[in-house]
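K.L.:
Whatever this is, show me its structure:
(2 chains)
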Amino acid sequence: MDLLSQYGPALLRGFGYTVLCWALGTVFGMALGLVIALLRHYGPRWLCWVLQVYIEVIRGTPFLVQLFVLYYGGPLIGLRLDALPAGLLGLTIYGSPYFAEIFRAGFRAVPLGQLEAARAIGMTEAAIVRRILLPLSLVSALPALINFSIILTKETVILSIITVPELMYQVSRMSTETFRYVEANLVLALFFWGLVEAISRLGRRFEARITKHLIERT
Amino acid sequence: MQASAVEIRNVNKFYGPFQALKDVDLSVPAGKVTCLIGPSGSGKSTLLRCINFLEEYDSGEIRIDGRLIGYDAPGRKMSGRALREMRRSIGMVFQQFNLWPHMSARENVAEGLIRVRGLSKTEAGARAAEALAKVGLADKMDNHPSRLSGGQQQRVAIARAIAMEPRLMLFDEPTSALDPELVGEVLTVMKTLAAEGMTMVVVTHEMGFAAHVADRVAFMERGELVAADTPDRILHQPQDPRIQSFLRTYHERNSF
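P.N.:
Below is the predicted model:
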């Protein structure tokens, strides 16, 4: 109980940072992934190739290494970031290729005819993307998007390495100061489990909403 | 001399080494119904899709009301804006309906009016309701496509096209994906349109529709336009052996 009163506020604060990093990292990563997917879909061939290389490089290297390069290597090229912005940028970059591939798969699942119908009445490509392509690709991409968002919750612990004061960081401090490794990590696990549970519930509710009208009545 | 809504001259289309359209010539008279018939793979749908440039033809000319579609000059493609502007006045109905499943019937019809014609949501909604009433679906306006039968979906698709007030309507096998008992309701709507003087080009396997509604019937085989004439002369007194053999197969399959 002493432990809780002593470390409770720090743990809660840490959890707050964890949720913040996860939420912003997911939103920015998804946005960047979407931009990449759209550029690969509509852009010139050379750009498609460049983005393919980006995807391969980011997917092919560990997040920890990317974060080190960004945080400790960044200043060498004049990119001097505090821990938190560096962590958020790192998460965004790390997640973007996975999100891009999920969106690409979503685009491919939209029947060509539904896009042709929009072209045939003279809609602009921008309107087609916004009104037809995105909403329809979201239907098939949503489970994978939620799945990867859940994976990202657990990647946030790596931000502790560059001293972002999130939950893992606080838990490490607590355990090195008190030697209560088991309790500290149990708390960590419980927090994450709760977060993931909440995300998947929200995800299912959202999924039910957007697919409401899409089930064929037989 | 009758005005042509669509003039097709020497159109060729290749898929790699395969020639899908061979020197096709066809005039589509304004205010009339022209049916394209022929065996599958003969290029009917390809030709139809070239008319609104969903399919790019490689050489020749297709003119809509005198204006070349798809190209500014031979070999130089027209801008996306110019093409969209031309497509606004060409309605298209697809074999697979291609309604947008995340929108209600009314939203499907209103979408083009809002995004392309720039109407307000209320105005577009009212026009959409009118168009849906015209195809007999006033009571199904708020249903999503998943809650509509195939025939109803195709009628929504027709409403979506006519709400844009096109000068020309293209139908790509509009009844081929329908259960036999649902074909009639779609053909009825098409007959009404024809009676109102809409210029229509219809790719179809419904010989009855071609015989009774079409003003002209064009027969295609292997990418060639074999003949274009009155329904009677194509369907009842065909001269070309290819048409005779096609009709023989058709009659055999439909007799019992």
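K.L.:
For the rest of this, base every contact and every neighbour count on C-alpha atoms.
P.N.:
Fine.
K.L.:
Might you report the residue contacts of A:L214?
P.N.:
Shown here is A:L214, whose contacts under the criterion Cα atoms under 8 Å, 6 or more residues apart in numbering or on different chains are B:P101, B:H102, B:S146.
K.L.:
among these, which are in reach of chain A?
P.N.:
Applying Cα under 8 Å from any Cα of the partner chain to those, one finds that B:P101, B:H102, B:S146 fall near chain A.
K.L.:
Would you convert these into TSV that also reports pLDDT and secondary structure?
P.N.:
TSV is the format used below for the ones next to chain A among the contacts of A:L214 (pLDDT from 0 to 100; DSSP: H, G, I helix; E, B strand; the rest coil):
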residue	pLDDT	secondary structure
B:P101	93	coil
B:H102	92	coil
B:S146	91	helix
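K.L.:
which among those residues gets closest to chain A?
P.N.:
Taking Cα to the nearest Cα as the measure, chain A lies nearest B:S146 of the ones next to chain A among the contacts of A:L214, at 4.8 Å.
K.L.:
thought that closest one was touching B:P101?
P.N.:
Yes - in terms of Cα atoms under 8 Å, B:S146 counts as a neighbour of B:P101; the distance is 6.9 Å.
K.L.:
Show me how far the top helix by length along chain A is from its chain's centre.
P.N.:
Assignment by DSSP state H gives helix A:2-42 as the longest helix of chain A. On the basis of Cα atoms, centre = their mean, to the nearest Å, helix A:2-42 sits 8 Å off its chain's mean C-alpha point.
K.L.:
Quick check: what element follows that helix along the chain?
P.N.:
The C-terminal neighbour of helix A:2-42 among helices and strands, as given by DSSP states H and E, is helix A:45-60.
K.L.:
So for that following helix, what gets flagged as buried?
P.N.:
For helix A:45-60, a neighbour-count test (16 or more other Cα atoms under 10 Å in any protein chain shown) marks A:C48, A:L51, A:Y54, A:I55, A:I58, A:R59 as buried.
K.L.:
by contact count, what packs against it?
P.N.:
helix A:2-42, helix A:83-108 (3 or more Cα pairs under 8 Å, 6 or more residues apart in numbering or on different chains; DSSP states H and E).
K.L.:
and it, what's its mean pLDDT?
P.N.:
Computed over helix A:45-60, the mean pLDDT rounds to 94.
K.L.:
What are the contacting residues of it?
P.N.:
Residues external to helix A:45-60 that are found in contact with it (Cα under 8 Å, 6+ apart): A:I36, A:L39, A:R40, A:H41, A:Q66, A:I93, A:Y94, A:P97, A:Y98.
K.L.:
JSON lines for the residues you listed, including neighbour count and pLDDT?
P.N.:
Below are the contacts of helix A:45-60 laid out as JSON lines (neighbours: other Cα atoms under 10 Å in any protein chain shown; pLDDT from 0 to 100):
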{"residue": "A:I36", "neighbour count": "25", "pLDDT": "96"}
{"residue": "A:L39", "neighbour count": "16", "pLDDT": "95"}
{"residue": "A:R40", "neighbour count": "20", "pLDDT": "94"}
{"residue": "A:H41", "neighbour count": "14", "pLDDT": "90"}
{"residue": "A:Q66", "neighbour count": "16", "pLDDT": "92"}
{"residue": "A:I93", "neighbour count": "24", "pLDDT": "95"}
{"residue": "A:Y94", "neighbour count": "24", "pLDDT": "95"}
{"residue": "A:P97", "neighbour count": "26", "pLDDT": "96"}
{"residue": "A:Y98", "neighbour count": "20", "pLDDT": "96"}
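K.L.:
Let me know the closest of the residues you listed to chain B.
P.N.:
Using Cα to the nearest Cα, A:H41 comes nearest to chain B of the contacts of helix A:45-60, at 17.1 Å.
K.L.:
Tell me how many other residues crowd the nearest residue to A:I36 once chain neighbours are set aside.
P.N.:
For A:I36, the nearest residue in space outside its immediate sequence neighbours is A:A100; the separation is 5.9 Å by Cα to Cα, 6 or more residues apart in numbering or on different chains. Residues lying near A:A100 (other Cα atoms under 10 Å in any protein chain shown) number 25.
K.L.:
what about the residue of chain A found nearest chain B, helix or strand, and which?
P.N.:
Taking Cα to the nearest Cα, chain B has its nearest neighbour within chain A at A:G122, 4.4 Å off. For A:G122, there is no host helix or strand (DSSP H and E).
K.L.:
residues in contact with it?
P.N.:
Counting by Cα under 8 Å, 6+ apart, A:G122 touches B:L83, B:R84, B:E85, B:M86, B:R87, B:R88, B:G112, B:V116.
K.L.:
is it true that the fifth one touches A:I121?
P.N.:
I take that to be B:R87. Yes - with contact defined as Cα under 8 Å, B:R87 reaches A:I121; the gap is 5.9 Å.
K.L.:
Report the mean confidence score over stretch B:72-90.
P.N.:
Per-residue pLDDT values over stretch B:72-90 give a mean of 91.
K.L.:
any bit of that stretch sitting next to chain A?
P.N.:
Yes - legend: contact between stretch B:72-90 and chain A by Cα under 8 Å from any Cα is shown at B:L83, B:R84, B:E85, B:M86, B:R87, B:R88, B:S89, B:I90.
K.L.:
Any of those buried? List them.
P.N.:
B:L83, B:R84, B:M86, B:R87, B:R88, B:S89, B:I90.
K.L.:
thinking the second one is in contact with A:E125, fair?
P.N.:
No - judged on Cα under 8 Å, B:R84 makes no contact with A:E125 at a distance of 10.1 Å.
K.L.:
what residues are shared contacts of the two?
P.N.:
In terms of Cα under 8 Å, 6+ apart, B:R84 and A:E125 are both contacted by the residues A:R119.
K.L.:
Pretty sure A:V139 sits in a helix.
P.N.:
Yes - membership of A:V139 in a helix is supported by DSSP: H, G, I helix; E, B strand; the rest coil.
K.L.:
What residue, apart from its backbone neighbours, is nearest the residue nearest in space to the middle of chain A spatially?
P.N.:
Chain A has A:T26 as the residue nearest its centroid, 3.0 Å off, counting by Cα atoms, centre = their mean. By the measure of Cα to Cα, 6+ apart, the closest residue to A:T26 outside its immediate chain neighbours is A:S149, 6.2 Å from it.
K.L.:
The helix or strand harbouring that neighbour: what's the following helix or strand?
P.N.:
In this structure, A:S149 sits in helix A:134-155 according to DSSP H and E. Once helix A:134-155 ends, the next helix or strand along the chain (criterion: DSSP H and E) is helix A:167-178.
K.L.:
Helix A:167-178 and the next helix or strand after that following helix, what's the angle between them?
P.N.:
Per DSSP H and E, helix A:167-178 leads on to helix A:181-210 as the next helix or strand towards the C-terminus. Regarding helix A:181-210 and helix A:167-178, their directions subtend 170 degrees when assessed with axes from the mean of the first three to the mean of the last three Cα atoms, to 10 degrees.
K.L.:
count of neighbours near residue 67?
P.N.:
Going with chain A. Neighbours of A:L67 under the rule other Cα under 10 Å: 24.
K.L.:
my bad, chain B
P.N.:
When counting by other Cα under 10 Å, one arrives at 15 neighbours for B:R67.
K.L.:
So what sits opposite it in the bridge?
P.N.:
Taking DSSP bridges as the rule, B:R67 bridges to B:I64.
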